[in-house]
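A.B. asks: Could you look at this predicted model? Sequence included:
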Amino acid sequence: MIRPLAAGDREAAVALWHACGLTRPWNDPHADFSRAAEGPSSAVLGAFEDTTLIGSAMVGHDGHRGWVYYLGVHPEHRQRHLGRALMDACEAWVRERGVPKIEVMVRGDNAATRGFYEALGYGLEDVVVYSRRF
């Protein structure tokens, strides 16, 4: 079952993200979860086995493009097509809001994840991302 996560799911989601190796020291995953789960144009979706969170994805949009972050499936539950099911749910979430495009950012050295998205039909865009931290 995939459903939107609520504030009470935050600790389970952050623990999952740590188990999946998705967190980085310069990002606060608790704050990231809260912003997305409480935002008017974003959500955190969770995949459950019984009552245990085993996968999640953060999805949102800016009106023109949708985006996905923190897509992960607990290592003990991989190879069951849950990542694909979560991406399907993210794509449906974006389409339901009339957004014409969805994007993901993947670290350049993450070949396995790049292969996952390529297998789903995602193509590499010719863009460079600049950022500034506050």
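C.D. replies: Cool, got the structure. Numbering: from 1, shown residues only.

A.B. asks: need the contact list for residue 14.
C.D. replies: By CB atoms under 8 Å, 6 or more residues apart in numbering, the residues touching residue 14 are 23, 29-30, 33. For every residue, glycine as well, the C-beta is placed using N, CA and C.

A.B. asks: What average pLDDT does stretch 59-75 get?
C.D. replies: The average pLDDT for stretch 59-75 rounds to 96.

A.B. asks: any idea how far the spatially most central residue of the chain lies from residue 96?
C.D. replies: In the chain, the residue lying closest to the centroid (CA atoms, centre = their mean) is residue 57, at 2.8 Å. As judged by CB to CB, to the nearest Å, residue 57 and residue 96 stand 15 Å apart.

A.B. asks: do the same with residue 5
C.D. replies: For residue 5, the distance to residue 96 - CB to CB - is 17 Å.

A.B. asks: which residue ranges form the helices in the protein?
C.D. replies: Per DSSP state H, the chain carries helices over the ranges 10-19, 29-38, 82-96, 111-119.

A.B. asks: Nearest to residue 52 among those would be which one?
C.D. replies: Closest to residue 52 of the helices of the chain, according to CB to CB: helix 10-19, at 8.1 Å.
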